[in-house]
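> need coordinates for the following:
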Amino acid sequence: MFEIEVELFFSAAHYLREYRGKCETLHGHNWKVKVTLAQGKLDKAGMVIDFSKIKTTLREILGLLDHKNLNEISHFKKVNPTSENIAKFIFDNLKCSLKTSSDKNLRGADLKKVTVWETDTSS
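Okay, the predicted model is just below:
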């Protein structure tokens, strides 16, 4: 099994519901997102997936979140915008994008993991 990882960033604000402490008030982060994908074999060029293709797809998804108040996004009106739930949102959207891609390498990729950092030390 071969794996690749890409990291991208977005900036957004949020506040946590059902939480008592500083994070219950509106505040922002520069979020880091790492995505891990795998394939059982390499393509003809010796790659799992072209980094630029997965970054383009991931940027489209992060564009839904970038410079927004996450609590105002439809999905997060019902789901608390924790790092865990943001990771799930990205995972689900990326999985769907990969499945429906016209690129057979993207369609064949196995999305293993999405990690979201809200600080340099917390993910």
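
> so Phe2 bridges to which residues?
Using DSSP bridges, the beta-bridge partners of Phe2 come out as Gln39.

> hmm, it is touching Asp43, no?
No. Between Phe2 and Asp43 there is no contact under C-beta atoms under 8 Å: 10.0 Å. Every residue, glycine included, has its C-beta placed from N, CA and C.

> list the residues that contact both of the two?
The contact sets of Phe2 and Asp43 do not overlap (C-beta atoms under 8 Å, 6 or more residues apart in numbering).

> so where's this protein uncertain?
Nowhere does the chain drop to pLDDT under 70.

> counting by contacts, list what the helix of greatest length in it packs against.
The residue-count maximum for a helix in the chain (DSSP state H) belongs to helix 83-99. Counting contacts by 3 or more C-beta pairs under 8 Å, 6 or more residues apart in numbering; DSSP states H and E, helix 83-99 packs against strand 27-39, helix 51-62, helix 74-78, helix 104-108, strand 110-117.

> which of the residues in the first one are buried?
Neighbour counts using 16 or more other C-beta atoms under 10 Å place 29, 31-35, 37, 39 of strand 27-39 among the buried residues.

> pick the one among those residues closest to Thr119.
Closest approach to Thr119 among those (C-beta to C-beta): His29, at 7.0 Å.

> what residue lies at the spatial centre of the protein?
Ile90 (3.6 Å; C-alpha atoms, centre = their mean).

> pretty sure it contacts Val33?
Yes. Between Ile90 and Val33 there is a contact at 6.2 Å, judged by C-beta under 8 Å.

> residues shared between the contacts of the two?
58, 62, 114, 116.

> report the separation between the second one and Ala87.
Going from Leu62 to Ala87 by C-beta to C-beta, to the nearest Å gives 12 Å.

> also the first one?
With distances taken as C-beta to C-beta, Leu58 is found 13 Å from Ala87.

> what's the overlap in contacts for the two?
Residues touching both Leu58 and Ala87 by C-beta under 8 Å, 6+ apart: Val33.
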